[in-house]
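Engineer: Model the following, please.
(one chain, ligands or ions: 1)
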Amino acid sequence: MCVLKWLVVVCFACHGVPAAPPATEYRGAQWFDGEQFVARTMWVVGDRFVERKPSRVAHVVDLAGKFVVPPYGEGHNHWLEPALVDAYVAANLRGGIFYVRDMSTPFHDAIRPHVNTPASVDYIAAHQGFTGPDGHPLELIGMLEKMRVIPAGTNDAIVVASEADVDHAWPVLVASKPDFIKLFLVHSDEYAARLTGAPLGKKGIDPALVPGIVRRAHAAHLRVAAHIEDAADFHTAIAAGVDDIAHMPFVEDPAETYRLADVDVAAACARGVTVATTFDWMNDGKDAWIEVERANLAALRTHGCPIVIGTDLFRQTAAKEVDLIIEKHLMTNLELLVAWSVTTPLVIFPGRQIGRLADGAEASFLVLGGDPLADPKNLHAITLRVKQGREVVPGSAVLPPIGEWGAPSK
Ligand SMILES: [Zn+2]
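Structural biologist: Numbers count the residues shown, from 1 in each chain. This next block holds a predicted model:
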């Protein structure tokens, strides 16, 4: 240690204090501070923000009155076509989405080389999720196989009916290094009746197995996300200790079945359980159903659960979910901006300095041509994307439109 100290002293004596790394100055913009936009100048050194002017400024970028926000997140999607992963990445980056949570995919190993680099999205995935015999999502997998979107025989779910089944599957799943664990609850209070009486996909995992999965996952330092469909599933998930709820209820008749119990919402929010939106069903939903969901959202808001923007739409991005939220007036402009650019990224990567534009945080941001608090459509008016200090230029690859599901994936 003495030698090292001596070398450092000699080095400084010969050459003086090492020159500070060059900074880039971003001037002339309004920066989102979590509540409002504030006119200020910011600097980037390496991959971090600096709020005080550094000694060496190598570049100056004039943002000419534009609006700067943290990059967005996608809290619920499924990447199922490794051959198209570059198009998935490009579509998300074009939309300003830098952080993606894949709520279960069997193609994780093929996807990972394409993500989590400076020029790509940062991505986490559950691998195969736990369901019951003939449970959701087996019917979707069968449909995608028939359409030749995914290869026949794809192993996309872990079917369990007993603790012994979970014991058997667990080490294999953990060895595949998932970022978190996913399980599927489908009207869990009717599990026994649906096991024999409901069609393929209209059932899920035995709710009695959920606490044991949560216990195993937490012992392995893994969070657990639950697919839920109604208020009973939400109760089952919260009582079992699940960390993340993958959907708001998919409301149908009788609508009261989908109204979350206040006591469950209070319990969930008290321990920071997060809830993803996935509101696409509203496009065909009755007004009465949407009103129940508004009440659910109000309860989550009252008790303070983090709300995550999640799409759950194959070959789509969270921009579509955001447009639906705008159209249905489900959030205020400020709530939507916070949910998409602060909460969702931090739920996906809780340990990182993201979702804020401040000293020491990762220098990742989007520049918008207009104020998204005045008009939320400006969330899409992106003129510049910077990730960890470097400009990101998305590729032009596009995903085949939905409805053209013919091409076999490799
Ligand atoms: Zn999903």
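Engineer: What residues does the stretch 301-410 of the chain have near the ion?
Structural biologist: With CB under 5 Å from the ion as the criterion, the stretch 301-410 of the chain meets the ion at residues D312. For glycine as for every other residue, the C-beta is placed from the backbone atoms N, C-alpha and C.
Engineer: Can you name the residues that contact the nearest residue to A361 once chain neighbours are set aside?
Structural biologist: Spatially, and ignoring its direct neighbours in sequence, A361 is nearest to Q353 (4.3 Å; CB to CB, 6 or more residues apart in numbering). Applying CB atoms under 8 Å, 6 or more residues apart in numbering, we find Q353 in contact with R48, G360, A361, E362.
Engineer: my guess is the third one meets E51, correct?
Structural biologist: No. The pair A361 / E51 is not scored as a contact, 9.9 Å apart, by CB atoms under 8 Å.
Engineer: what about those two, which has more around it?
Structural biologist: A side-by-side neighbour count of A361 and E51, using other CB atoms under 10 Å, places A361 first with 18 against 13.
Engineer: Surely F234 is in a helix?
Structural biologist: Yes. Membership of F234 in a helix is supported by DSSP: H, G, I helix; E, B strand; the rest coil.
Engineer: What is the neighbour count of it?
Structural biologist: Quick note: F234 (other CB under 10 Å) scores 28 neighbours.
Engineer: what's the pLDDT at it?
Structural biologist: With respect to pLDDT, F234 has a value of 98.
Engineer: Can you show me the CA trace of stretch 179-192 as PDB?
Structural biologist: Coordinates of each C-alpha in stretch 179-192 appear next as PDB, following Å, rounded to 0.1, in the frame of the first residue of the first chain:
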ATOM      1  CA  ASP A 179     -34.600 -11.900 -13.500                       C
ATOM      2  CA  PHE A 180     -37.800 -12.600 -11.600                       C
ATOM      3  CA  ILE A 181     -40.500 -15.300 -11.300                       C
ATOM      4  CA  LYS A 182     -43.900 -15.200 -13.000                       C
ATOM      5  CA  LEU A 183     -47.000 -17.200 -12.100                       C
ATOM      6  CA  PHE A 184     -50.600 -17.200 -13.500                       C
ATOM      7  CA  LEU A 185     -53.700 -16.800 -11.400                       C
ATOM      8  CA  VAL A 186     -57.000 -17.100 -13.300                       C
ATOM      9  CA  HIS A 187     -60.200 -16.800 -11.100                       C
ATOM     10  CA  SER A 188     -58.300 -18.600  -8.400                       C
ATOM     11  CA  ASP A 189     -61.300 -18.900  -6.100                       C
ATOM     12  CA  GLU A 190     -62.800 -21.200  -8.700                       C
ATOM     13  CA  TYR A 191     -59.600 -23.300  -9.100                       C
ATOM     14  CA  ALA A 192     -61.100 -26.700  -8.300                       C
END
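Engineer: now it: mean pLDDT?
Structural biologist: On average, stretch 179-192 scores 97.
Engineer: in this structure, which spans are helices?
Structural biologist: 2-15, 85-94, 108-111, 138-146, 163-175, 191-197, 210-219, 231-240, 262-270, 287-303, 318-327, 333-338, 344-348 (DSSP state H).
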